[in-house]
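**Student:** sequence below, structure please.
(chains A, B, C and D)
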There are 2 protein chains.
Amino acid sequence: MATVKDVAKLAGVGSGTVSRYISGNGSVSSKAAEKIERAIKQLNYRPNSMARSLSSRRSDLIGVWVPSLEGPYYHMIIRAVEQELRLHNKHMILANAEDAQSDADRRDHFDYLVNRDCDGILMSCSLQGTFELARTSEHFSNLVLLNHQADALAGRCFYIDHELGGRLAARHLTNLGHEKIAVITGRLSAQDARQRHDGFLDEISKLGNAIPESCVVEGAFSYAAAERLVGAFLDMDIDFTAVFCGNDKVAMLLISELNNRGISVPRDVSVLGYDDVDFAAYTAPPLTTIHAPIDEMARSACRQLLNLTYDMDLPFQERFEPSLCVRRSTAALS
Amino acid sequence: MATVKDVAKLAGVGSGTVSRYISGNGSVSSKAAEKIERAIKQLNYRPNSMARSLSSRRSDLIGVWVPSLEGPYYHMIIRAVEQELRLHNKHMILANAEDAQSDADRRDHFDYLVNRDCDGILMSCSLQGTFELARTSEHFSNLVLLNHQADALAGRCFYIDHELGGRLAARHLTNLGHEKIAVITGRLSAQDARQRHDGFLDEISKLGNAIPESCVVEGAFSYAAAERLVGAFLDMDIDFTAVFCGNDKVAMLLISELNNRGISVPRDVSVLGYDDVDFAAYTAPPLTTIHAPIDEMARSACRQLLNLTYDMDLPFQERFEPSLCVRRSTAALS
DNA sequence: CTCAAAAGTGGGATCGGTTCCAATTACAAC
DNA sequence: GTTGTAATTGGAACCGATCCCACTTTTGAG
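**Tutor:** Sure thing, here's the model as predicted:
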């Protein structure tokens, strides 16, 4: 493999000139540029990224930490981030903490990124522990958070206004005439689940309704956990005509299990999802859900991380608004 | 940040000794080891990965090329690969060619990985073009392919026996008494889609049935394309009691659209999926499908890539067998 | 106790870039 | 033609590891 020196020699210039030509930092005469260009072509030269990183002290690597890769949610984030980074010729390295059993494990996953000397880190988290993780990290300054609002990280938190999302959900179900509503939330220790929950219940009460605590079920959201949760929920014999689910995965699962028990959606029961993940439009029936602009949020976070890390000036926005997306899993109470 | 030299000085040993201690290549006396260990702790030393890579000429980076990140299929691969690589302290960098418009674009995406000097590349492809891409690459030797069999790459191709999968599908539907069967396949220029298709039709004819060409519909598999495909398919007014779908995404979509048109699954029509992706068990009704061990295949490919690249000796296997997974989207013909 | 083989060691050369600096050249204004 | 400023240049120093080599120490067999 050819090196800068080879190129410099062939082009009859100094190695510094070649470097300047390639990086675009500093001026190079057009005569020299032409000779260098020719030499690069002739030698089929490609800069060595390790050498470049060592010497310039930037790896051009962005670490992405996610708590899980099961289901569509985090995948949508990965997809958006990969695309955005590729646009700027940065590379993503990924750490999935799904198999972590403890905070120490989660830190290991974090270190897996840090040890790679990535220039910045994007954490998609909502669990309390993850934020603490970020806080104590030495990489604090080039860190950006998805799905968490924290004063200490003002300007680096990207989030969807889930409280609003909860309100939209409450209004939709109320507008349809539903009063006996059950709620399946994610872990309320997670900020985003909490906000949806709070927004929903507050709006419900503002609308003159009240949901007894026994109608609110809390649980985790992996497919397996959600399956258990939904089963347990239906066995509780709660009297409801509509269910507000903490995410689309749970909504889909719930519909499946309701069908299984001979209950038809939306004829007998309305089911409202949350997130509007990729498959939400294609279930049977297609999910009415709260559309969360996950993709745009991820892109924004990514752009701001690039700004912070590489002193760029890309446009971004921290807060995103969800919107109601009506399909066919909810219907007016007959 | 502390360097080897700092550690060496503090420990009162040479830098080579520190390096040997850390990498485990070469012997270090227990006395020296102890001093080094102490110094590392005291200085909070962490090796610089770029310097290490430059000097050792290995980046410990594995490139993963996928044609798309839409839907669960490739995500399952990403998830498996990330986990397997992390286990061996390698890092994944990802290139998603979803936005590629041409072969040149796809090559750009490939170069995006190569330019990063990754040590090995795993390509998950089935399209013809991708294989050509791999063939002409200078990284040929440390390349492993998912979902493609090619003689030129014997020992580096990891695949599921889709012909068998097609046969299993044919037998299942035939056993249930279905004769009027429609088929929705992926692009037949892709090897894996072709194999499913061929296996299915061949087995059907072995079983004494025949499917007219007009009952076989070919199309692409993005959600949007699949939606159009399914709509067009249903508008064709084919007479069928069962449909064999090229993947679960299409099966889910088809069920949704059938419901929409007042046709119930499996009462009126049986729908058979393929792949057994993560959500297949949770649709309404849960999908009967051909389980493809995607996860294990990806892990195997990854392990063999590690073997080739880092001279390891991890167990692997090239061929995987699909199996029938009966849930509730198919039923006996009444 | 001797001596050869093995184990352990220090430090310099090296990997392939970037970046700084002093020196040179180009150019415009007068 | 002179001068001052800006553009351009070559090359050395450096980034922080690995790894080789020559050397010293330890080990154990006889």
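
**Student:** hey, where'd the strands end up in the stretch 101-250 of chain A?
**Tutor:** Counting by DSSP state E, counting those that start in this stretch, the stretch 101-250 of chain A has strands at residues A:120-124, A:143-146, A:157-160, A:181-185, A:216-218, A:242-245.

**Student:** name the helices or strands packed onto the last one?
**Tutor:** Which is strand A:242-245. Where contact means 3 or more C-beta pairs under 8 Å, 6 or more residues apart in numbering or on different chains; DSSP states H and E, strand A:242-245 is packed against helix A:162-175, strand A:181-185, helix A:248-260, strand A:270-275. Placement of C-beta: from N, CA and C, glycine included.

**Student:** touching that strand from outside, list them.
**Tutor:** Residues from elsewhere that reach strand A:242-245 (C-beta atoms under 8 Å, 6 or more residues apart in numbering or on different chains): A:169-170, A:173, A:176, A:178, A:180-184, A:200, A:251, A:254, A:269-274, A:330, A:333.

**Student:** contact residues of chain A facing DNA strand D?
**Tutor:** Neighbours of DNA strand D within chain A, by C-beta under 7 Å from any atom of the strand: A:12-17, A:20, A:26-32, A:51, A:54-55, A:57.

**Student:** restrict those residues to contacts with DNA strand C.
**Tutor:** Near DNA strand C, by the rule C-beta under 7 Å from any atom of the strand, you find A:15-16, A:20, A:51, A:54-55 out of these.

**Student:** residue furthest from the geometric center of chain A?
**Tutor:** Here the centre of chain A is the reference, and by C-alpha atoms, centre = their mean the most remote residue is A:G12, at 49.8 Å.

**Student:** who are the contact partners of that residue?
**Tutor:** Counted by C-beta under 8 Å, 6+ apart, A:G12 has contacts A:K35.

**Student:** what spatial separation is found between it and A:V4?
**Tutor:** Taking C-beta to C-beta, to the nearest Å as the measure, A:G12 falls 14 Å from A:V4.

**Student:** joint contacts of these two?
**Tutor:** With C-beta under 8 Å, 6+ apart as the test, A:G12 and A:V4 reach no residue in common.

**Student:** where helices are concerned, which of the ones next to DNA strand C among the residues of chain A next to DNA strand D count?
**Tutor:** Judged by DSSP state H, these include A:15-16, A:20, A:51, A:54-55 as members of helices.

**Student:** between those, which sits nearest chain B?
**Tutor:** A:L54 (4.2 Å; C-beta to the nearest C-beta).

**Student:** tally of neighbours for the residue in the stretch 101-250 of chain A that DNA strand D sits nearest to?
**Tutor:** Closest approach between the stretch 101-250 of chain A and DNA strand D, counting by C-beta to the nearest atom of the strand: A:D117, at 9.4 Å. Residues lying near A:D117 (other C-beta atoms under 10 Å in any protein chain shown) number 23.

**Student:** the one 5 residues further on too?
**Tutor:** Counted by other C-beta under 10 Å, the residues lying close to A:L122 total 28.

**Student:** can you name the residues bridging to it?
**Tutor:** Note on A:L122: beta-bridge partners A:V64, A:V144, judged by DSSP bridges.

**Student:** quick one, what contacts it?
**Tutor:** Going by C-beta under 8 Å, 6+ apart, A:L122 touches A:62-65, A:81, A:143-146, A:301-302, A:305.

**Student:** how about the helices and strands packed on strand A:242-245, which one is nearest B:R228?
**Tutor:** Among those, the nearest to B:R228 by C-beta to C-beta is helix A:248-260 (22.4 Å).

**Student:** and the closest one, what other elements does it pack with?
**Tutor:** Using 3+ C-beta pairs under 8 Å, 6+ apart, helix A:248-260 is in contact with helix A:72-87, helix A:223-235, strand A:242-245, strand A:270-275.

**Student:** using CSV, list the CA coordinates for that helix.
**Tutor:** The C-alpha trace of helix A:248-260 is given here as CSV (Å, rounded to 0.1, in the frame of the first residue of the first chain):
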residue,chain,number,x,y,z
ASP,A,248,-46.9,-0.4,19.6
LYS,A,249,-45.3,-3.7,20.4
VAL,A,250,-47.6,-4.1,23.4
ALA,A,251,-50.6,-2.9,21.3
MET,A,252,-49.9,-5.5,18.6
LEU,A,253,-49.5,-8.2,21.2
LEU,A,254,-52.6,-7.2,23.0
ILE,A,255,-54.6,-7.3,19.9
SER,A,256,-53.3,-10.7,19.1
GLU,A,257,-54.2,-12.0,22.5
LEU,A,258,-57.6,-10.3,22.5
ASN,A,259,-58.4,-12.0,19.2
ASN,A,260,-57.2,-15.2,20.7
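
**Student:** that older thread, among the strands of the stretch 101-250 of chain A, which is nearest DNA strand C?
**Tutor:** strand A:120-124 (17.1 Å).

**Student:** what angle do that closest one and helix A:72-87 make?
**Tutor:** For strand A:120-124 against helix A:72-87, the angle by axes from the mean of the first three to the mean of the last three C-alpha atoms, to 10 degrees is 160 degrees.

**Student:** I'd like the average pLDDT over strand A:120-124.
**Tutor:** Averaged across strand A:120-124, pLDDT comes to 93.

**Student:** check stretch A:288-303 too.
**Tutor:** Averaged over stretch A:288-303, pLDDT sits at 98.

**Student:** so which bits of that stretch are buried?
**Tutor:** If you call a residue buried by 16 or more other C-beta atoms under 10 Å in any protein chain shown, then stretch A:288-303 has these buried ones: A:288-295, A:297-303.

**Student:** same question, stretch A:234-252
**Tutor:** Buried residues in stretch A:234-252, defined by neighbour count with 16+ other C-beta under 10 Å: A:234, A:238, A:240-252.

**Student:** do me a favour and get the end-to-end distance for that stretch?
**Tutor:** In stretch A:234-252, first residue to last residue: 14 Å (C-alpha to C-alpha, to the nearest Å).

**Student:** one more: stretch A:109-123?
**Tutor:** By C-alpha to C-alpha, the extent of stretch A:109-123 from end to end equals 11 Å.

**Student:** taking the stretch 101-250 of chain A, what residue is nearest to chain B?
**Tutor:** Of all residues in the stretch 101-250 of chain A, A:D117 sits closest to chain B, at 4.9 Å by C-beta to the nearest C-beta.
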